[in-house]
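Asks: Below: sequence and its predicted model.
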Amino acid sequence: MSTYVAAIDLGSSKVAVAIGEKSSQGIRILAYAQVPNKGIKRGEIINITEVLKALNPAIAEANKQINTRPAQETLTIREVFVGISDAHIDCGAKSMKFTRSNADDVITAQEIRKMIKDVYKEGKDNRCILHVVPQAYNIGEHIGQSDILGCNGAEVEGSYKIFSGKSASADSIRTTVGRTDSRVKARTLILEPIAAASAVLTKEEKELGVALVDIGAGTTDIVLYHKGIVRHAVTIPIAGDAITADIASHCVIPSVDAENIKKLWGGCITEYAPKRIIKWKDGSCDLTHAKLYECIEARIKEILNTAIHEIEESGIKDKLRRGIVLTGGSSRLHFIQPLAARMSGMPTRISIPHSGVIATGSVDAIYDPAASVAVGLVVEGFRELENDENAVEMVEIRLAEYKDGDGDLFVTPKPSDPKESGNPNPGTKPDKEKNKGRSFIHRLGGLFTTDDNNQA
């Protein structure tokens, strides 16, 4: 049985919706739709109406894509994982001590999860905690343990990185998503650089140390990994839109034309510029490639310098043996990779969602740096569901919060023919014992309504 996850990337220049399926072959992205967006600035929603003008058709297109496949059911998005990224994202450190009732008992996964849940309760007014990432644990004389599962001791001290955002921004996202035509619900908000990292970084890169720099339209997101753990994350409120504004100002042309010129011919090392002239439309803008590159180079250097400064300030630059990985729509600029390598002195590559994460048969549109966040949100969504499968307490909480009258997490319309329901005896109740051996993921069935009668 397949499980489905839907995700929404609310970007400054576009909104994107991705739907993924997880089966024995892995995660396959079955639908991807993006629509230009004018309602978000530097990661923050400033106009809900404008966002909905983009989000509604994006959801409709994704639904259309997934339901044109040969299938026995119609799928409709009910809940989504949503990305969050703005200039007010904060990365802080927190240490907490936990006294155990029995020092001889070994530490269980459930106990570790409870510790993390206790850290979540430490949120401040007007801030919402998005992620709590354990960095290390101390148990007695054993200092700096990364994994304490199966250990014992009277007291555990945990060191955590806490990533938080403005409560107002999070509420705005949830409100906007809830006002879509299909009334979907934002299940979880996920920090966008962490999502992008799940789509484009390899396990080896995360282990040996790497900096992901996601240069989008409104923000540049940075996340650092070492020994497989998120060590730092920050959002810079300057990215591709600033480059577009520079081109528009220089050429005295509308921003939409400047954006198209950037995408078609933009590069960022002036000495590599072709010796040609760009004639735009009716000749209102005659621009040499060299001048265009010079205009872009000045701004992209500012962005990269700020990113490099943040990496240096993290204190772990020397531990990032795999250097820098660039992604995001603005990473498509010609020659950005050698420029970043030259400026940082670190190995640098550009990445898109790759086969180590995404199974074959995914839609072609996702193999693009601009799709990294949306794809990563799907990956993170499946990861959360898997964690829920193993977390009995979390499952019980979610059942109490979301279950319908029949006790199901999501509504599944019942077929009119009793034989189709798997109950051969009409008028008798299905054998609930058969469900006990099924995993939570299988019982979950995905974040969709499944209509076996193909009714809208």
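Replies: Alright, I've got the coordinates. These numbers come from a predicted model, not from an experiment. Residues are numbered from 1 along each chain as shown.
Asks: these two touch, right, Ile77 and Ser182?
Replies: Yes - here Ile77 reaches Ser182: they are 6.2 Å apart, a contact under CB atoms under 8 Å. All C-beta spots, glycine's among them, are computed from the backbone N, C-alpha and C.
Asks: Those two: who's more crowded?
Replies: Ranked by neighbour count (other CB atoms under 10 Å), Ile77 and Ser182 place Ile77 first, with 27 against 15.
Asks: residues touching that one, list them.
Replies: By CB atoms under 8 Å, 6 or more residues apart in numbering, the contact set of Ile77 is Ala6, Val17, Ile19, Ile59, Ala62, Asn63, Ser182, Val184, Leu447, Phe448.
Asks: One more: Gly361?
Replies: Gly361 neighbours (CB under 8 Å, 6+ apart): Gln25, Arg28.
Asks: thinking again about what came up before, so which of the contacts of Ile77 are in helices?
Replies: Mapping these onto helices (DSSP state H) picks out Ile59, Ala62, Asn63.
Asks: Tell me which of those residues has the lowest pLDDT.
Replies: Minimum pLDDT across these is recorded for Asn63, with 90.
Asks: Which residue ranges of the stretch 1-150 of the chain form helices?
Replies: Using DSSP state H, counting those that start in this stretch, the helices found in the stretch 1-150 of the chain span residues 48-67, 109-120.
Asks: what's the most buried one of the ones you listed?
Replies: helix 48-67 (a mean of 18; mean count of other CB atoms under 10 Å).
Asks: Might you list the low-confidence residue ranges for the stretch 1-150 of the chain?
Replies: Residues of the stretch 1-150 of the chain that meet the criterion pLDDT under 70 lie in 1-2, 70-73.
Asks: ditto for the stretch 301-450 of the chain
Replies: Looking along the stretch 301-450 of the chain with the criterion set at pLDDT under 70, you get 389-450.
Asks: just so I know, which of the helices of the stretch 1-150 of the chain lies nearest Leu287?
Replies: Among these, helix 48-67 comes nearest to Leu287, with 29.6 Å by CB to CB.
Asks: so what secondary structure elements neighbour the closest one?
Replies: Packing partners of helix 48-67 (3 or more CB pairs under 8 Å, 6 or more residues apart in numbering; DSSP states H and E): strand 3-10, strand 14-23, strand 26-36, strand 74-77, helix 167-178.
Asks: looking at the ones you listed, which is closest to Asp318?
Replies: The nearest among those, by CB to CB, is strand 3-10 at 32.6 Å.
Asks: where does that closest one sit relative to the chain's centre, distance-wise?
Replies: 9 Å (CA atoms, centre = their mean, to the nearest Å).
Asks: Can you spell out which helices and strands pack onto it?
Replies: Counting by 3+ CB pairs under 8 Å, 6+ apart, strand 3-10 packs on strand 14-23, helix 48-67, strand 79-84, helix 167-178, helix 372-390, helix 440-444.
Asks: And Leu208, how close does it get to Gln145?
Replies: Distance, Leu208 to Gln145, using CB to CB, to the nearest Å: 20 Å.
Asks: for Leu385, same thing?
Replies: 28 Å.
Asks: Which one of the two is surrounded by more residues?
Replies: The neighbour comparison of Leu385 against Gln145 (other CB under 10 Å) goes to Leu385, with 19 against 14.
Asks: you'd agree the more buried one is up against Ile27?
Replies: No - using CB under 8 Å, Leu385 is not in contact with Ile27, being 11.5 Å away.
Asks: mind exporting stretch 307-322 as CSV, just the C-alpha atoms?
Replies: In CSV, the C-alpha atoms belonging to stretch 307-322 read as follows (Å, rounded to 0.1, in the frame of the first residue of the first chain):
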residue,chain,number,x,y,z
ALA,A,307,26.6,33.9,3.4
ILE,A,308,30.3,33.2,3.9
HIS,A,309,30.4,35.6,6.9
GLU,A,310,27.5,33.6,8.5
ILE,A,311,29.4,30.3,7.9
GLU,A,312,32.6,31.8,9.5
GLU,A,313,30.6,33.1,12.4
SER,A,314,29.1,29.7,13.1
GLY,A,315,32.5,28.6,14.4
ILE,A,316,32.6,25.3,12.4
LYS,A,317,33.7,26.4,9.0
ASP,A,318,36.9,24.3,9.3
LYS,A,319,34.8,21.2,10.0
LEU,A,320,32.8,21.6,6.7
ARG,A,321,35.0,19.2,4.6
ARG,A,322,32.4,19.0,1.8
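Asks: Centre of the chain to that stretch, how far?
Replies: 22 Å.
Asks: The closest residue to His88 other than its chain neighbours: neighbouring residues, count only.
Replies: Leaving aside its chain neighbours, His88 sits nearest to Lys166 (4.7 Å; criterion: CB to CB, 6 or more residues apart in numbering). The tally of other residues near Lys166 (other CB under 10 Å) stands at 18.
Asks: quick one: Lys166 and Ser85, what's the gap?
Replies: Following CB to CB, the distance that separates Lys166 from Ser85 is 12 Å.
Asks: just to revisit the earlier point, could the helices and strands packed on helix 48-67 go into a markdown table alongside distance to Ile358?
Replies: Supplementary listing: these in a markdown table, determined by distance: least, CB to CB, whole Å:
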| stretch | distance to Ile358 |
| --- | --- |
| strand 3-10 | 13 |
| strand 14-23 | 8 |
| strand 26-36 | 6 |
| strand 74-77 | 19 |
| helix 167-178 | 24 |
